[in-house]
Each structure stands twice: as structure tokens, then as C-alpha cells.
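>>> following is a predicted model, sequence given first.
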Amino acid sequence: MEQQGTAQVIYEVVPGEDMVDANGHVGDVGLARIFAQAETHFLAQVEVDAEYRQVTNCSVYTAETRIAYLSELKAGTKVVVRFNILDLSNTAVHLLFTATDGARILATHECVMLHVDRSGGVPVVRPFGRYVLANLVHLRSATGSPAPQQAPLGIRRNS
């Protein structure tokens, strides 16, 4: 993975016309799709993948999310998504994804994801498996935790 500053590249895409809204730019749905793909790539990197979900009957659910639209994005523009781990506990990870076109921050996606056990039929928050938690701790130390100053945070920590 390429690194720039402390944020690590997790996903790159060139949005097509199918992501353009009635205003002629990549809108809510398109950016949500881009960030959802970035989340999927992040989870694969920490080894929360199909095999993990099948073997452990655990997964990661998004508890809270916020997208900030900072600059207009047109179809055909290469988008690079980076991430920072802002906070981490044994049951949750607070992430900031930043989408840029190389020169400008286009949008940010902040989310809190919870590790859940689905074996009882109703999801219950449980600690991350030790290997997943070790992967998260390693990534947090590799990327650092500061958020870009241009991306105001909207999800507040309880601590």
C-alpha cells in the first residue's frame, strides 16, 4: 500500500456516468458507493473477510457514518481514498476516509464500526478476534491517528 503523510491509500477509482446525479456531478449515492468500497477494502486488509465471517460467525457493522462534501467531483476524475484510524477499542474502530483528486480533498467519510457476533441470531457487540485486533493496532501505529485539518470531524468520542 502506498502512503502519503500518515494516511494510507486503500482504494482508487474513476467514477463513471452511472454515479452522476441530476446536478451533473458525482452525488450522494456515488460517493457513498466509493466510500463503501473503501470500507470493504479496509476490512479485507484487517482480515475481516468472507472466510472470517464464516468461521467465526462475526462481522463488522457500521454504527454511525458521516460524509462531508468538500469539493465538486465530476465523472471521469481519478479518486484516491486514504484512511486514518482515529480511535480504536477492543470492540470498535473509528475511521476517517479522505477522497482526493490528487490536489483537492473532495469528500470525507467518517464512520464507527462495531465488531459483532451473529451466532445467537441477534447481533451482539463482542471484542475483535485477537488477529483482527492486532492488524488494527498495527495499522493504527503505521498510519498514525491525526485527521487532516481540512476535514472537520462530525462523530464525537465519548471519552
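Thanks, I have the structure now. Source: prediction; values computed, not measured. Numbering: from 1, shown residues only.
>>> residue 112: what's it in contact with?
Neighbour list for residue 112: 62, 63, 64, 65, 92, 93, 94, 95, 155 [criterion: CB atoms under 8 Å, 6 or more residues apart in numbering]. Bear in mind the C-beta positions are built from the backbone N, C-alpha and C, glycine included.
>>> adding distance to residue 107, pLDDT and neighbour count, write the residues you listed out as a markdown table.
Formatted as a markdown table, these follow (distance: CB to CB, whole Å; pLDDT from 0 to 100; neighbours: other CB atoms under 10 Å):
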| residue | distance to residue 107 | pLDDT | neighbour count |
| --- | --- | --- | --- |
| 62 | 17 | 95 | 12 |
| 63 | 20 | 95 | 14 |
| 64 | 17 | 94 | 13 |
| 65 | 12 | 94 | 17 |
| 92 | 23 | 97 | 17 |
| 93 | 20 | 95 | 24 |
| 94 | 18 | 92 | 21 |
| 95 | 14 | 93 | 23 |
| 155 | 15 | 68 | 16 |
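>>> among those, which one sits closest to residue 46?
residue 93 (8.4 Å; CB to CB).
>>> what sits opposite the closest one in the beta ladder?
residue 88, residue 113 (DSSP bridges).
>>> tell me which element residue 34 is part of?
helix 28-45 (DSSP states H and E).
>>> C-alpha coordinates for that helix, PDB please?
The C-alpha trace of helix 28-45 is given here as PDB (Å, rounded to 0.1, in the frame of the first residue of the first chain):
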ATOM      1  CA  ASP A  28     -24.600  11.300  -2.600                       C
ATOM      2  CA  VAL A  29     -25.100   7.800  -3.900                       C
ATOM      3  CA  GLY A  30     -21.900   7.800  -6.000                       C
ATOM      4  CA  LEU A  31     -19.700   9.000  -3.100                       C
ATOM      5  CA  ALA A  32     -21.400   6.500  -0.700                       C
ATOM      6  CA  ARG A  33     -20.600   3.700  -3.200                       C
ATOM      7  CA  ILE A  34     -16.900   4.900  -3.400                       C
ATOM      8  CA  PHE A  35     -16.600   5.000   0.400                       C
ATOM      9  CA  ALA A  36     -18.400   1.700   0.800                       C
ATOM     10  CA  GLN A  37     -15.800   0.100  -1.500                       C
ATOM     11  CA  ALA A  38     -13.100   1.700   0.600                       C
ATOM     12  CA  GLU A  39     -14.600   0.200   3.800                       C
ATOM     13  CA  THR A  40     -14.700  -3.200   2.100                       C
ATOM     14  CA  HIS A  41     -11.000  -2.900   1.100                       C
ATOM     15  CA  PHE A  42     -10.100  -1.800   4.600                       C
ATOM     16  CA  LEU A  43     -11.900  -4.700   6.200                       C
ATOM     17  CA  ALA A  44     -10.200  -7.100   3.900                       C
ATOM     18  CA  GLN A  45      -6.800  -5.600   4.800                       C
END
